[in-house]
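Enquirer: Next comes the sequence, and after it the predicted model I'd like to discuss.
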Amino acid sequence: MPHRIRIPKVCAIGLMALIGSGGAECFAATAHVHIGLVQRLGEDSGSGLLFCRGHHRYRIVVDGIKFEPDPRKVDLIGTAKNLRTPADVEGTYHTENGVPAILTGAKSVYMKNEKGAMLELHLKQNGNKSTVDLTDMTISGRF
């Protein structure tokens with residue numbers, strides 16, 4: 001005679017929620033981004049943070065950028081959209097119409113990666129007159 005296993009309703013609902021989410025953390029479709037770019041010996045790279053729901057922070061690394069006229073540090077701020085998981089921010093970014101992604105002054109740039117994540121970035125105004133070329137920018141991280 002087979003044995004029946006009884007699972008309380010609360011446990012069953014929690015298990016269904018975990019299975020339904022694929023085991024991944026629930027994630028906001030939009031997150032805030034802060035990137036600090038530092039120029040060292042002709043190599044332009046940076047690091048930053050992806051902020052989700054105000055309290056989850058994920059470290060990111062940025063490569064493939066160029067900036068002039070030789071500032072020591074440039075800060076970019078903006079938003080990342082169309083994210084299903086934090087890892088969706090990883091990838092190489094391009095503008096949708098193929099024009100170079102050049103940031104100057106108060107201008108914003110909109111870029112998209114191969115996973116469909118979209119970035120809107122602008123220079124944090126701190127008095128410098130930098131020009132930042134984000135064409136073919138790559139973001140990576142540990143999520």
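Expert: Looks like it came in fine. Residues are numbered from 1 along each chain as shown.
Enquirer: Mean pLDDT per element in this structure, and the minimum belongs to which helix or strand?
Expert: helix 9-20 (a mean of 37; mean pLDDT, DSSP states H and E).
Enquirer: Show me what the helix or strand just after that one pairs with in its sheet, parallel or antiparallel.
Expert: Using DSSP states H and E, the next helix or strand after helix 9-20 towards the C-terminus is strand 30-40. Strand pairing for strand 30-40, using DSSP bridges, gives strand 43-52 (antiparallel), strand 73-81 (antiparallel).
Enquirer: want to throw those into JSON lines with mean pLDDT, mean neighbour count and distance to L134?
Expert: Quick note: C-beta positions are derived from backbone N, CA and C, even for glycine. Formatted as JSON lines, those follow (pLDDT from 0 to 100; neighbours: other C-beta atoms under 10 Å; distance: least, C-beta to C-beta, whole Å):
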{"stretch": "strand 43-52", "mean pLDDT": "85", "mean neighbour count": "17", "distance to L134": "10"}
{"stretch": "strand 73-81", "mean pLDDT": "90", "mean neighbour count": "18", "distance to L134": "8"}
